[in-house]
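Asks: I'll drop the sequence and a predicted model, then ask my questions.
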Amino acid sequence: MSELQRVIKERRSIGRVKADSVPKELIEQMIEAAVWAPNHHGTEPWRFIVMTGEGRCVLGQAYVDFAAGALQALEGDELQERIAKEIAKAYRSPVVIAAICSPSANPKAVRAEELAATHAAVQNLLLTAHDVGLAAIWRTGDPAYHPTMKAALEVAEHEEVVGLIFVGYPELALHAGKRVPGAEKTRWIEE
Ligand SMILES: Cc1cc2nc3c(=O)[nH]c(=O)nc-3n(C[C@H](O)[C@H](O)[C@H](O)COP(=O)(O)O)c2cc1C
């Protein structure tokens, strides 16, 4: 098995990471790998917002804003606890990278393909994280796609937050992944 194949198969989504800070250089390596994803018409439709330290409070506020409806029914300690819980979601890892699809204005560009290219860029981020000894998880959920997230991250209306990539040093050993073999997902048409 090649080194690339090993990294692809070994990579796992890891949500529990250490609080230890991550060198900026490693995050830059991840993003540099991301921008080598394939993209149609050379649109390179991605951009990234890296949040570290107290910069993550921007994301915390987005989680609070998203939960505003549920928070309305609470008051006092219960309200404060729930707000703290929402903010804590942004602090689950020392680095959070918001991956943004910024679809090109090129009339040839197809929105679905702009998203596909950005998704491929995220896979490059994840693979590089694993390659350099970091753990990462691609999170979305309803908050990622909600207008409150766009507002908090200053993402334009025509753009999309395709994922929040939580990055840090793994706290636990990686578990083995499980997949249906490719052969079972393949139909060959020959001759
Ligand atoms: C588009 C996308 C969104 C995801 N969102 C979440 C999420 O919100 N929360 C989460 O725990 N995992 C999320 N994941 C990670 C998947 O749960 C994970 O990839 C899957 O369980 C397979 O595990 P593996 O990545 O370790 O192979 C997401 C993955 C993708 C591709």
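Replies: Now that the structure is in, tell me what you want to look at.
Asks: Ramachandran coordinates for the residue nearest to Ala34 when sequence neighbours are not counted?
Replies: Spatial nearest neighbour of Ala34, excluding adjacent residues (C-beta to C-beta, 6 or more residues apart in numbering): Ala121 at 4.1 Å. C-betas here are computed from N, CA, C, even on glycine. Per-residue torsions, Ala121: phi -60, psi -40 (degrees, to the nearest 10).
Asks: all helices for the chain, in order.
Replies: Listed in chain order, the helices found in the chain under DSSP state H are 3-10, 24-34, 57-66, 68-71, 76-88, 111-131, 141-145, 147-153.
Asks: The fifth one vs helix 57-66, what angle?
Replies: Yep, that's helix 76-88 we're talking about. For helix 76-88 against helix 57-66, the angle by axes from the mean of the first three to the mean of the last three C-alpha atoms, to 10 degrees is 130 degrees.
Asks: Outside of helix 76-88 itself, list whatever touches it.
Replies: The contact list for helix 76-88, computed with C-beta atoms under 8 Å, 6 or more residues apart in numbering, reads 57, 60-61, 63-64, 66-67, 70-71, 74.
Asks: Please report phi then psi for Ser102.
Replies: Torsion angles at Ser102 (phi, psi; degrees, to the nearest 10) stand at phi -120, psi 80.
Asks: residues of the least confident helix or strand in the chain by mean pLDDT that come out buried?
Replies: The helix or strand of the chain with the poorest confidence is helix 68-71; it has a mean of 92 (mean pLDDT, DSSP states H and E). Neighbour counts over helix 68-71 (16 or more other C-beta atoms under 10 Å) mark Leu71 as buried.
Asks: on contacts alone, who are the packing partners of it?
Replies: Secondary-structure packing of helix 68-71 (3 or more C-beta pairs under 8 Å, 6 or more residues apart in numbering; DSSP states H and E): helix 76-88.
Asks: Give the rounded mean pLDDT of the helix it packs on.
Replies: In this model, helix 76-88 has an average pLDDT of 96.
Asks: do stretch 97-112 as well
Replies: Stretch 97-112 comes out with an average pLDDT of 98.
Asks: what's in contact with the least confident helix or strand of the chain?
Replies: Taking C-beta under 8 Å, 6+ apart as the rule, helix 68-71 contacts 64, 79, 82-83, 148.
Asks: Kindly recompute the last result at 10 Å.
Replies: Helix 68-71 is contacted from outside by 64-65, 78-79, 82-83, 86, 148, using C-beta atoms under 10 Å, 6 or more residues apart in numbering.
Asks: Return the closest of the residues you listed with respect to the ligand.
Replies: Glu86 (15.0 Å; C-beta to the nearest ligand atom).
Asks: which ones are touching the nearest residue to the closest one once chain neighbours are set aside?
Replies: Excluding its sequence neighbours, the residue lying closest to Glu86 (C-beta to C-beta, 6+ apart) is Tyr63, at 4.2 Å. By C-beta under 10 Å, 6+ apart, the contact set of Tyr63 is 83, 85-90, 141, 143, 146, 148-149, 152.
Asks: if we go to 7 Å?
Replies: Listed by C-beta atoms under 7 Å, 6 or more residues apart in numbering, the contact set of Tyr63 reads 86-87, 89-90, 143.
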